[in-house]
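[1] the sequence and its predicted three-dimensional model are supplied below.
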Amino acid sequence: MENNKIAVGLDIGTTKIVAMIGRKNEYDKIEVVGIGKAKSLGVKRGVVSNITQTIQSIQQAVDEAESVSGVKIEEVVVGIAGQHIRSLHHSDYITRSNADEVIDENDIDNLVNQVHKLVMLPGEEIIHVLPQEFKVDSQADIKEPIGMYGGRLEANFHVVVGQVSSIRNIGRCVKSAALDLSEITLEPLASASAVLSQEEKEAGVALIDIGGGTTDLAIFKDGIIRHTAVIPFGGNVITDDIKEGCSIIEKQAELLKIKFGSAWPGENKETEIVSIPGLRGREPKEITLKNLSKIIHARVQEIIEHVYLEIKNYGHETAKGKLIAGIVLTGGGSQLKHLRQLVEYITGMDARIGFPNEHLAGDSDEALSSPSYATAVGLLMEGLEKDIKEDEFDQTNEGAADENQDGSLQGAKSGGEEKTTLQKKTFFEKFTEGLKDFLDNAE
């Protein structure tokens, strides 16, 4: 079936802002109908630092996407990252009033809502509450407790926390750019949807998304998200180091990194030299590629060690937590030459570069399957999924209404399905709706 529903992913990054418009084709693949990008001027390390500049960049990206596609953008799915994001593990339980009734979605909802009431540090708010394993009475390691009998329902949760002000600032920028916020999601989760396969998530995998300002980590095992972290370094610190180390301007440093940079110093010979034009009539500078890769190597090694520490904290070295599928690298920074080999050398884990092309339609522009668009593709997928869920929800509602008029059993079943769809929608939508209300009241 061809779905004409259109969704828009808006990736507000530190180096660039990308607006991607797309729809599903008849083969259930994503057809990108328009893409716009703008230099991100008001964002530092994933956090909005200049509202006016960020609004201008968003408008520029959106205008470009609109003119390419001929589609008017009204609402967007936005990703959040930034150094203020942290995650924690939490266990909670509820005691059910009637153990003779089977556990249903309401019980899980009550448990999740209880976790949402956790007291956070001042200025922090819970963004995602992701249940991992459940325990019913004394039976542990249950993936899906719905339909079971039990008096006490317990679960381990992965809770993602962020700073309210940073999230509201992003909401403010989107709203001021005359757009509606249909959903907010965590960027590492969006990138994971775009580049990881279900098999990898089952076997255990660490996704490392190296952006301009931050490096995001998402760890999956048994198909469930286990750990997320945001490390406040990315490709920009490498560029800064080259700028300082070679005494050149930022633009030249960025070009050097992209064109000649390598994360492995052993690759280059002492005799390989690049000449860089001097400023305003000054003598050109000569830089050896060996020197360049030494500067890059030192910083990349630091970023990877930070990430590896997080992977070890999650428990990769335990038998239960072993990540069999190793590491997947994505984001603009993953395109650095020999980065994969360095990651394998430091961590001793298998690594591959993640491209978001398997979800894209076959005739898509090759540039779209670049790792630097992984987050935008993931956000677009999120938006299309949400549309499909809403359609199903509407159909289920209609079905339930029709059946209830007949008074048949089928009506009860549809009602149950309706509840499931509702439960799937609640986790993050409460938060998004809360944010929308806040922004409306702040006018």
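    Ah, there it is. Bear in mind the structure is a predicted one, so any value in this text is a computation, not a measurement. Numbers count the residues shown, from 1 in each chain.

[2] pLDDT at I94, what is it?
    Listed pLDDT for I94 reads 92.

[3] that one: helix or strand, and which one exactly?
    With secondary structure defined by DSSP states H and E, I94 is part of strand 86-95.

[4] what residues of whatever helix or strand comes next after that strand count as buried?
    Scanning forward in sequence from strand 86-95 by DSSP H and E, the next helix or strand is helix 105-116. Within helix 105-116, the residues that count as buried by 16 or more other CB atoms under 10 Å are E105, D107, I108, L111, V112, V115. The C-beta positions use only the backbone N, C-alpha and C, and glycine is treated the same way.

[5] give the next helix or strand downstream of helix 105-116.
    Next along the chain from helix 105-116, counting by DSSP H and E, comes strand 124-136.

[6] G266: which of the buried residues of helix 105-116 is nearest?
    G266 lies nearest to V115 out of those, by CB to CB, at 48.9 Å.

[7] any idea how far the closest residue to that closest one other than its chain neighbours lies from D180?
    Sequence neighbours aside, V129 is the residue nearest to V115 in space, at 4.8 Å (criterion: CB to CB, 6 or more residues apart in numbering). Computed as CB to CB, to the nearest Å, the V129 to D180 distance reads 24 Å.

[8] ok, the two, which is more surrounded?
    V129 (22 against 11; other CB atoms under 10 Å).

[9] the more buried one contacts K117, doesn't it?
    No - with contact defined as CB atoms under 8 Å, V129 does not reach K117; the gap is 10.5 Å.

[10] mind listing what the residue minimising distance to the centre of the chain touches?
    Per CA atoms, centre = their mean, the C-alpha nearest to the average position across the chain is that of E187, at 2.0 Å. Contacts of E187 were listed using CB atoms under 8 Å, 6 or more residues apart in numbering, and they are D11, G46, G79, I80, A81, D209, G211, D216, T375, G378.

[11] next one: T239
    E250, A253, E254, K257.

[12] reformat those as CSV; add distance to K72.
    Below are the contacts of T239 laid out as CSV (distance: CB to CB, whole Å):
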residue, distance to K72
E250, 36
A253, 39
E254, 34
K257, 38
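
[13] among those residues, who's most crowded?
    Greatest neighbour count in those, by other CB under 10 Å, goes to A253: 24 neighbours.

[14] surely it is in a helix?
    Yes - counting by DSSP: H, G, I helix; E, B strand; the rest coil, A253 is located in a helix.

[15] touching, it and I242? I think so.
    Yes - in this structure, A253 sits in contact with I242. The criterion is CB under 8 Å, and the distance is 4.0 Å.

[16] quick one on the thing from earlier: may I ask which two of the contacts of E187 are separated the most?
    G46 and G378 (15.5 Å).

[17] the more surrounded of those two?
    Neighbours per residue (other CB under 10 Å) separate G46 from G378, with G378 holding more: 30 against 26.

[18] that one falls within a helix, correct?
    Yes - following the definition three-state DSSP, G378 is counted among the residues of a helix.

[19] please report how far it lies from L10.
    When CB to CB is applied, the distance between G378 and L10 equals 12 Å.

[20] kindly report the same for G223.
    Separation of G223 from L10 (CB to CB): 28 Å.

[21] try A206
    Here the criterion is CB to CB. By it, A206 lies 26 Å from L10.

[22] who's more crowded, those two?
    Set side by side, A206 and L10 give different neighbour counts by other CB under 10 Å, the larger being at L10 (30 against 27).

[23] tell me what the more buried one is bridged to.
    Taking DSSP bridges as the rule, L10 bridges to A19, V78.

[24] contacts only, for the residue nearest to I224 when sequence neighbours are not counted.
    In space, I224 comes closest to Q132 once its chain neighbours are excluded; the distance is 5.3 Å by CB to CB, 6+ apart. Q132 makes contacts with A155, N156, F157, H158, I224, R226, as judged by CB under 8 Å, 6+ apart.

[25] which residues does the third one bridge with?
    Looking back up the chat, that one is F157. According to DSSP bridges, the partner residues bridging F157 are H90, P131.

[26] thought Y93 was touching it, still the case?
    No - because the distance of 11.0 Å does not satisfy CB under 8 Å, F157 is recorded as not touching Y93.

[27] can you pick out the residue with more neighbours from those two?
    Remark: of F157 and Y93, F157 carries more neighbours, 22 against 12, as counted by other CB under 10 Å.

[28] still on that earlier bit, among the contacts of E187, name the buried ones.
    The neighbour-count test (16+ other CB under 10 Å) marks D11, G46, G79, I80, A81, D209, G211, D216, T375, G378 as buried among those.
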